[in-house]
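**Student:** let's see this in three dimensions:
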Amino acid sequence: MTPIRTESPEKIKEPIAANAMANCVLHDDIMLCILARLPVKSILRFRSVCKPWCELFSTPHFVKMHHGQFSSDPKNQSFIICSKTAKFCTTASLLNIESNEKKPTIIDYPYPYINNRPKSIVGCYNGLICLNDCGITMWNPAMNLSKSIQLSNAYFGGFERVSLGFGYDAKGADFKVVRIVNFLEMSIAGVEVYSVNSDSWRTIEVDFQFRVLRTTCDVIVNGNPYWLAKSDHGEVLVCFDVTKLVFKIVSLSSLSLKEGGVTIG
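**Tutor:** So this is what the prediction gives:
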């Protein structure tokens, strides 16, 4: 779905924006600035005003403008709370820490049940959330839209563990999903990267061996996913540069890594 694509502004279809502003008295740029300042609830309602407006709100340029407007507002400090019930159901709610509301707002979770198991969160960045369990899903909670990502046909032989990472390439304005396939104790069977813009997977060569400790990345910094891992260098933090498409090792001599967490030495 187009709302979760992140093409650069110069690739925007200008006729869509022009048609959306055809009957407006104000200049197109002024109207875009006004609409970009509307809260998400208003945007969702105004999508029903007319087809050109609905298409406008779905363009990568408008989504980027709207997210930039609200992410720069210090009073717009919100986070999503995901809860798992005893019946393997996942619910989600949105809480603004600057709001006077005592209860979080319930939002639609795209896949509360998958084969009696809830989807796990790989990571979130710039308003987009990557989910995983029996498949990968991109979820835009603000626009209440989601998109399933089909796995590639790449075959890496037998494997012991698969770990996913999520990141954002600011230079290419593109979200990326990293899939690491581990074989045996310290062997990489294969690595591939999915690009939201191209809607395709690409196999990545790795020039050193490591074993990630979890099925998802541990943290996302400046758009790059990081994993706690073990390698020939001992306990390390592995970073994937989503722009250059290369792995880097960060030494962590002061950390003791365990399967269940991290201990600071």
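
**Student:** buried sites along stretch 46-65?
**Tutor:** By neighbour count on 16 or more other C-beta atoms under 10 Å, the buried set for stretch 46-65 is 47, 52-53, 55-65. C-beta here means a position set from N, CA and C on the backbone, and glycine is covered the same way.

**Student:** biggest separation within the residues you listed, which pair?
**Tutor:** The largest separation in these, counting by C-beta to C-beta, is between 52 and 64 at 18.8 Å.

**Student:** from the buried residues of stretch 46-65, which single one is nearest residue 30?
**Tutor:** Taking C-beta to C-beta as the measure, residue 30 lies nearest residue 65 of these, at 13.0 Å.

**Student:** the closest one and residue 124, how far apart?
**Tutor:** The gap separating residue 65 from residue 124 is 20 Å, by C-beta to C-beta, to the nearest Å.

**Student:** what of residue 170?
**Tutor:** Remark: distance between residue 170 and residue 124 (C-beta to C-beta) = 16 Å.

**Student:** okay, these two: which has more neighbours?
**Tutor:** Neighbours per residue, other C-beta atoms under 10 Å: of residue 170 and residue 124, the larger number sits with residue 124, 16 against 13.

**Student:** in terms of helices and strands, where is the more buried one?
**Tutor:** strand 120-125 (DSSP states H and E).

**Student:** list the buried residues in that strand.
**Tutor:** Within strand 120-125, the residues that qualify as buried are 120, 121, 122, 123, 124, 125, counting by 16+ other C-beta under 10 Å.

**Student:** with stretch 211-229 instead?
**Tutor:** The neighbour-count check on stretch 211-229 (16+ other C-beta under 10 Å) flags 211-213, 216-218, 220, 223-229 as buried.

**Student:** straight-line length of that stretch, end to end?
**Tutor:** End-to-end distance for stretch 211-229, by C-alpha to C-alpha, to the nearest Å: 5 Å.

**Student:** could you do stretch 189-203 as well?
**Tutor:** For stretch 189-203, by C-alpha to C-alpha, the gap between its terminal residues amounts to 11 Å.

**Student:** ok, stretch 35-50 next?
**Tutor:** Per C-alpha to C-alpha, stretch 35-50 runs 14 Å from first to last residue.

**Student:** re the thing from before, just the residues contacting the strand holding residue 124, thanks.
**Tutor:** Contacts with strand 120-125, where a contact means C-beta atoms under 8 Å, 6 or more residues apart in numbering, come from 80, 82, 129-133, 136, 164-168, 175, 177, 215-217, 220, 223, 225.

**Student:** can you give me the domain assignment for this protein?
**Tutor:** 2-71, 78-147, 152-264 (automatic domain parsing).

**Student:** surely residue 231 touches residue 249?
**Tutor:** Yes. When contacts are counted by C-beta atoms under 8 Å, residue 231 is listed as touching residue 249 (6.7 Å).
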